[in-house]
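Colleague: here's a sequence, model it:
(chains A and B)
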Amino acid sequence: DAKTTQPPSMDCAEGRAANLPCNHSTISGNEYVYWYRQIHSQGPQYIIHGLKNNETNEMASLIITEDRKSSTLILPHATLRDTAVYYCIAYTGTASKLTFGTGTRLQVTL
Amino acid sequence: GAVVSQHPSRVICKSGTSVKIECRSLDFQATTMFWYRQFPKQSLMLMATSNEGSKATYEQGVEKDKFLINHASLTLSTLTVTSAHPEDSSFYICSAPAGGETQYFGPGTRLLVL
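Modeller: Residues are numbered from 1 along each chain as shown, chains lettered A, B, ... in the order given. Down below sits the predicted model:
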């Protein structure tokens, strides 16, 4: 799996959009960009994934650059419950293992 | 999304005893499941891949005789920590791919060995 790079931490005011960047410059053509988050003392929660096109679901939006070397996870209206560590992972999606990096610790504040 | 459960959610045991942790996929079948370990303030580290009907595959540095994995059915994998010691205290998490693609994680099991 391609290596991903994320900032170690970010802050966001409640109600504002949280934009979490991820670099994956060595991503291969068959690797998706997956995002998970881990709230303290819980298992990781799947958020969203994409291959080339931008994706949106009830939790977030995923913007992938045209060259696929980077992406941004957008939480449109962050709440305190979104405080967590967010992991960006390049993954083929073929039931193979996931490799977690250090992620971005997002702190949402009042 | 798909649901993965783990039992127990937390366990405290004495040094030298064995502890079994169950991982179940509740609404889908999984021929493969994964076991991770997470120490405080660290990321998840893959321990092993559990394969239904065959032996588990362990990551480098993980003792297969200490961490016994049994994938008994298409919805159940168990991890047994044998002769547990305080350094085995950790957060153990399993995952399973639903539809052979997106992986879903269990809520984790916190093990404390006294």
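Colleague: pLDDT value on the residue nearest to the spatial centre of chain B, please?
Modeller: Geometric centre of chain B, nearest residue: B:Trp35, 3.8 Å, by CA atoms, centre = their mean. We have a pLDDT of 97 for B:Trp35.
Colleague: for it, phi and psi?
Modeller: phi -120, psi 130 (degrees, to the nearest 10).
Colleague: list the contacts of it.
Modeller: B:23, B:46-50, B:67, B:69, B:77, B:79, B:92-94 (CB atoms under 8 Å, 6 or more residues apart in numbering or on different chains). C-beta: built from backbone N, CA, C; applies to glycine.
Colleague: assign a three-state SS to A:Ser25, would you?
Modeller: coil (DSSP: H, G, I helix; E, B strand; the rest coil).
Colleague: beta partners of the residue nearest the centre of chain A?
Modeller: Residue closest to the average C-alpha location in chain A (CA atoms, centre = their mean): A:Trp35, at 3.6 Å. For A:Trp35, the beta-bridge partners are A:Ile48, A:Cys88 (DSSP bridges).
Colleague: which residue packs closest to B:Thr75, ignoring adjacent ones?
Modeller: Distance criterion CB to CB, 6 or more residues apart in numbering or on different chains; nearest residue to B:Thr75, sequence neighbours excluded, is B:Ser25 at 4.9 Å.
Colleague: for that neighbour, give me the pLDDT.
Modeller: Looking at B:Ser25, its pLDDT is 95.
Colleague: for chain A, what spans make up the helices?
Modeller: Here chain A has no helices by DSSP state H.
Colleague: need the residues of it near chain B, please.
Modeller: A:34, A:36, A:38, A:41-46, A:49, A:87, A:93-95, A:97-103 (CB under 8 Å from any CB of the partner chain).
Colleague: kindly recompute the last result at 7 Å.
Modeller: A:42-44, A:46, A:49, A:93-95, A:97-98, A:100-103 (CB under 7 Å from any CB of the partner chain).
Colleague: which of the residues you listed are buried? Put it as a ChimeraX command.
Modeller: In ChimeraX, this line selects whichever of the residues of chain A next to chain B come out buried by 16 or more other CB atoms under 10 Å in any protein chain shown:
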select /A:43,44,46,49,93,95,97,98,100,101,103
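Colleague: so how many other residues sit close to the nearest residue to A:Asn23 once chain neighbours are set aside?
Modeller: Counting by CB to CB, 6+ apart, A:Thr5 is the residue found nearest to A:Asn23 once chain neighbours are left out, at 4.3 Å. Per other CB atoms under 10 Å in any protein chain shown, the neighbour tally for A:Thr5 reads 13.
Colleague: please verify my assumption that A:Thr5 contacts A:Pro21.
Modeller: No - with contacts counted by CB atoms under 7 Å, A:Thr5 stays clear of A:Pro21, the gap being 8.9 Å.
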